[in-house]
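*Asks:* Next come a sequence and a model predicted from it.
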Amino acid sequence: MASALTLSEFFDPDFLAALQPFSLHARRVARDGRPAEQTSRDRGFGLEFADFKSYVPGDDLRAIDWNIYRRLGRLFVRVFEERRDLPVYLLVDRSSSMYLEDPPRINAGLRVALALASIALGQHDSIGLFSFSGVLNIDAKAAAGKHRLVSFAERLALLDERDRTDLTGTLGELAGHRLRRGLLVVISDFFDPAGADEVARALTLCRHRLLLVQLVKKTDADPTLHADLHGDLRLLDCESGDAVDLTVTPATLARYRESYREFNERLTRFATDYDAGFVRIDADEDVLDQLGGLFESGSLVV
Amino acid sequence: MSFANLPLLGVLAGIAGIAALLFLLQLLRIRHVEVAVPTTLFWREAAREAPVRILRGVFRHPLAYLLVLAICTLLWLAFAGPEAHDDRTSAYRVLFLDGSAHTAGGDDFEQAVDKLKADLAGLPDGRREVIWGGARNIKLLKAGEDRLLLDRRLASLAPEAAPSALNEQLRLVSLPGVAPESLEFVVYGRAPAELAVVERLPTGTRLSRAIDYPDGESNHGIAALGVNPAASGRWDRLDLLIRVAHSPDADVGDDITVEVAGAPLDDDRLERLGDGVAVVRDLAADGREVEVRLEAGDELALDNVARLTLPDRRVVRVALADDLDPAIRHAVEADPGLAITDEDASVAIRTRGTAAFGDLPALEFAPAAEQATAFEIDYTGNDSAELALRASVAALGLDQIDAAGLAAEAERPVGVQLRQAELPGISVWEELLAHYNFTGSRSFPVFISRSVRWLAGEPAWHPYLAAGRPLPTATVWSLAADAEASLDALGADYVLGAAGTVSSSRGDEAVALLSDTVTERHPGTPLLASQAGGDFAGTGIVTWLILAALLLLGAEWYLYQRGLMP
């Protein structure tokens, strides 16, 4: 079992500096948030003109558009769009499968989580940290402020390996929490025993915008790259301990690849249908390069 | 097709056993290699399509089984040693490497060895053997032994100064039941074969020579070197005879040099009699070594030098009683090697029962009434009476006595009786001397002379010692328990080996080559050309079988790496 990165290993100033060009934008954030930079449905005293409305007593006289009054003889006031923050909820998989290989997938997961937290906190959005395996853990409630990045990283570093994956149950539990609507980032390998369909169904329960970060390895798609996966095998599920005995043949490999391809297609189709963000991160490659593909032209709009 | 290491039935049984064993292994439940994976989610479907093998379950990999069976069968066949049969390779071969003086000239021996090795490479190990034909015939390589052993065994061998033992080997082959039905006897070297021997070879035996040596190589060498009692009559002197032989196209040469104990002999003393014969007269018989050398060298050096150890003949001092028949004194006085004395005598001659001269080996004469047999002999040593009797008949000259005539005159049998004693002694009826005219016979002085020397313990001496020839036994005097007497008693000859030295009752004695056949480069009976060379199919078959097995192993490894077979 490989060990996860420590705080000093993944809290890399160069890595964080490289994230500066990236920004995260929501098409529209929920009302009642804190003032920030995201476009919201709130109207008030912002800088961006939004609309006109008829004057009613009590409106700010400074907002009356006197030009319209001169032409039409009626009082209208200008209303402005108020900028709010986007709550970003990071849901990190800490099941055993994330810690199995070398390097473990959790390393890439920690870097992705730190990167998104850094970007969000940098633009005054709030960040909440949840982790899951068989149960949901609330590791850090949503909070804003750039200064919180270090404490957030420390929380990430405290994540340790737990038992089996229950993403569907976790998403159901998360939906039960009355969180302000925001962006839910699921960082996981999505290897839920319930299958991709159940995971997709559970994701629809969430009222948040979704960004799915699938952590993969090359051996997932091509098991022949795994040094031990040949001949007569007893495959042990690292989470459940379930054993599958088989003989690796071209036929079995073909069937495996077919199953894995269907799994990925289901995730991708869900992301497309649900208008969710989706990125596949190779845990063996550099995370920053792969995030560059997600933040096309420097900005990710969710 | 046959197999060198296994019978055909064993080969087939082995293949069947391998097939059955591999079949069972295919059916056996395998031992899994356990691998932990992040999820078995995607493998479950695949596992349903490819469940693992279980005992008595479905035979799932017939092609893999066939591949493994093919590899194992090929290796098994290679182990069995298949041999292709044809007329050329089916005969058993005796490869006779001549290590005698015949092949010692020039690079004859090296040629023979090279040819032998080349031929061996093409012969099946199980149907050939190699014999070294030197002073003694030795089996260098037995049937079935790897030919790589030959180099090490040949390393310490070189042509020996001995005539060839090829004819002895061929006589052995001629014995009933010795040679196989089909035999090719190949001679590597110049060893000549006698026509009479070749004609007696069995029908299925083919005698051939591996190398066709060119004729006409000239050589000369010493073919005879021996001594004889000196013609001058002096007991302690010898005449030395030297004979130089030569090949038909070579000169006799006149380059003989003689050294006695390392000191050159004056050329004046060498009397050349012509036709290569020379004599040195009146050499002192004092046990020194004579070396005769031909100064003009030739390719065959082994016969250009010969050595001989001279006999050590000393005068025997005899104490003679006065009351004996005068004929005895006359016989002793007539022998220049005997001296009558009263002091320091080695042997006494006296009437039995008298105490004259004390405890000395004695020739005694006794009345017939007191002695059951005409000759009673006391001998020392541990030999049986029968062996001692056989030796004594020649040593004492008893074989030359007219026993029948004496018996007729005496009107009673004339016999010999032997017994073991601390001192040697001979007792004879005195009536033989006075009444039965033994003294008047020609054998009487011989009997007296030889009896005295036998009693004095004078060792035997040999007129010559030649390599490869039996030890000359004409002058065996003693009854000592040595190999000569023992072999003589068995009716066998003691054949000397190579030139050099041999240990006898006299100590180390020089042996010379002395072979006309060698020196004259006698070609012997012309032999056929050998058919032993060429490639043997058996070795090739084994090689190809192993190569095929390796090829299939490579294919299996490739398929395994590609995941095309379990």
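*Replies:* Perfect, thanks for sending it. Numbering: from 1, shown residues only, chains lettered A, B, ... in the order given.
*Asks:* where does the stretch 251-400 of chain B have low pLDDT?
*Replies:* Counting by pLDDT under 70, the ranges of the stretch 251-400 of chain B that qualify are B:251-254.
*Asks:* Show the pLDDT at residue 81.
*Replies:* Assuming you mean chain A. At A:Glu81, the pLDDT value in this model is 72.
*Asks:* Oops, wrong one, chain B.
*Replies:* For B:Gly81, the predicted pLDDT is 77.
*Asks:* again with A:Ala221
*Replies:* Reported pLDDT at A:Ala221 in the predicted model: 93.
*Asks:* Am I right that it is in contact with A:Glu258?
*Replies:* No - the pair A:Ala221 / A:Glu258 is not scored as a contact, 11.5 Å apart, by Cβ atoms under 8 Å. Any C-beta I mention is one placed from the backbone N, CA and C, and that applies to glycine too.
*Asks:* B:Phe42 and A:Ala254, how far apart?
*Replies:* Per Cβ to Cβ, to the nearest Å, B:Phe42 is found 12 Å from A:Ala254.
*Asks:* ignore the last one, B:Leu22
*Replies:* 28 Å.
*Asks:* And A:Cys238, by the same measure?
*Replies:* A:Cys238 is 24 Å from A:Ala254, by Cβ to Cβ.
*Asks:* Spatially central residue for chain B, please.
*Replies:* B:Arg136 (2.7 Å; Cα atoms, centre = their mean).
*Asks:* And it, its phi and psi?
*Replies:* Torsion angles at B:Arg136 (phi, psi; degrees, to the nearest 10) stand at phi -130, psi 150.
*Asks:* do the same with B:Glu259
*Replies:* Dihedral angles (degrees, to the nearest 10) for B:Glu259: phi -120, psi 140.
*Asks:* re the thing from before, B:Leu22 and A:Ala254: which is more packed in?
*Replies:* Neighbours per residue, other Cβ atoms under 10 Å in any protein chain shown: of B:Leu22 and A:Ala254, the larger number sits with B:Leu22, 18 against 12.
*Asks:* so what's the more buried one up against?
*Replies:* B:Leu22 makes contact with B:65, B:68-69, B:72, according to Cβ atoms under 8 Å, 6 or more residues apart in numbering or on different chains.
*Asks:* pretty sure A:Ala18 contacts A:Val287?
*Replies:* No - counting by Cβ under 8 Å, A:Val287 is not a contact partner of A:Ala18; they are 10.3 Å apart.
*Asks:* These two: which has the busier surroundings?
*Replies:* Between A:Ala18 and A:Val287, counted using other Cβ under 10 Å, A:Val287 has the larger neighbour count: 22 against 16.
*Asks:* Distance-wise, check that one relative to A:Leu215.
*Replies:* The gap separating A:Val287 from A:Leu215 is 10 Å, by Cβ to Cβ.
*Asks:* what residues are shared contacts of those two?
*Replies:* Shared contacts of A:Val287 and A:Leu215, defined by Cβ under 8 Å, 6+ apart, comprise A:108, A:112, A:281.
*Asks:* Nearest to B:Ala395 among these?
*Replies:* For the shared contacts of A:Val287 and A:Leu215, the closest approach to B:Ala395 (Cβ to Cβ) belongs to A:Ala108, at 112.5 Å.
*Asks:* Just give the closest residue to the closest one, not the sequence neighbours.
*Replies:* Leaving out its chain neighbours, the residue that sits closest to A:Ala108 by Cβ to Cβ, 6 or more residues apart in numbering or on different chains is A:Ala283, at 4.1 Å.
*Asks:* contacting residues around the one you found?
*Replies:* Applying Cβ under 8 Å, 6+ apart, the residues near A:Ala283 are A:101, A:103-105, A:107-109, A:215-217.
*Asks:* do B:Ala165 as well
*Replies:* B:Ala165 is in contact with B:100, B:133-137, B:468, counting by Cβ under 8 Å, 6+ apart.
*Asks:* Could I get those in a markdown table, plus columns for secondary structure?
*Replies:* As requested, the contacts of B:Ala165 are exported to a markdown table (DSSP: H, G, I helix; E, B strand; the rest coil):
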| residue | secondary structure |
| --- | --- |
| B:Ser100 | coil |
| B:Gly133 | strand |
| B:Gly134 | coil |
| B:Ala135 | coil |
| B:Arg136 | coil |
| B:Asn137 | strand |
| B:Gly468 | coil |
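*Asks:* neighbour-wise, which of those leads?
*Replies:* In terms of neighbour count, B:Ser100 stands highest of those at 31 neighbours, by other Cβ under 10 Å.
*Asks:* residues in contact with it?
*Replies:* Residues near B:Ser100 by Cβ under 8 Å, 6+ apart: B:133-135, B:159-160, B:162-166, B:189, B:191, B:518.
*Asks:* where does the stretch 151-300 of chain A have low pLDDT?
*Replies:* Using pLDDT under 70, the stretch 151-300 of chain A has no residue that qualifies.
*Asks:* three-state assignment of the most centrally placed residue in chain A?
*Replies:* In chain A, the residue lying closest to the centroid (Cα atoms, centre = their mean) is A:Val185, at 1.5 Å. Under the three-state scheme (three-state DSSP), A:Val185 adopts strand.
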